[in-house]
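1. okay, predicted coordinates and the sequence, questions at the end:
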Amino acid sequence: MSDVRELLEGETALAAPALLELRPAWADVDTLVRRIDEVQRPQGYRLVAAFEQADDDAVAVAGFRLVENLAWSRTIYVDDLVTRAGHRQHGHADQLFAWLDAEAHRLGCDEFHLDSGVGPHRQPAHRFYFAHGMRIASFHFSKPAPAQAPH
């Protein structure tokens, strides 16, 4: 059983090895930590992490925020959910989901949302979400923003 707790500003680097497995485009710990602490945390982004005794860094991490909108009302939205490759199938994500469910209840949320990429490599994640009572509720559409003219 792992220890699950929220990571506060100043502890973000403990989540970086896991988050970089999910978001390798951020390239390095310092860049990722600065992005989270300087941009995302001020917008309400929070981190919860699972730890094993033998590892200083988090073995599993969820990045989430409280959102309020007309479509979903008061909702916990999970931006990032990852378990490091060598620590999967040990119940860490289950513990994170239980923590997130309890936090959604504590905050008086009406719903719990996340988006998940598609493709054969995402099937284990989708099975996990279905097993935790989630369902496919909509399609999420996206496109790149138009290129900006040089200043």
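-> Cool, the structure landed.

2. now the end-to-end length of stretch 119-127.
-> 13 Å (CA to CA, to the nearest Å).

3. so residue 100 belongs to a strand, correct?
-> No - read with DSSP: H, G, I helix; E, B strand; the rest coil, residue 100 is helix and lies in no strand.

4. surely it meets residue 63?
-> No - counting by CB atoms under 8 Å, residue 100 does not reach residue 63; the two are 10.7 Å apart. For glycine as for every other residue, the C-beta is placed from the backbone atoms N, C-alpha and C.

5. joint contacts of the two?
-> Residues within reach of residue 100 and of residue 63 at once, by CB atoms under 8 Å, 6 or more residues apart in numbering, are residue 78.

6. who touches stretch 28-48?
-> Outside stretch 28-48, the residues touching it (CB under 8 Å, 6+ apart) are 4-7, 9, 11-13, 15-17, 19-20, 23, 26, 61-66, 79, 96, 99-100, 103.

7. repeat the analysis, applying 6 Å as the threshold.
-> By CB atoms under 6 Å, 6 or more residues apart in numbering, the surrounding residues in contact with stretch 28-48 are 6-7, 9, 12-13, 15-16, 26, 62-65, 99.

8. list buried residues within the residues you listed.
-> Buried subset of these (neighbour count, 16 or more other CB atoms under 10 Å): 7, 12-13, 15-16, 26, 62-64, 99.

9. the strands in the chain, which residues?
-> Under the criterion DSSP state E, the chain contains strands at 3-7, 46-51, 60-69, 73-83, 111-114.

10. good, wrapping up.
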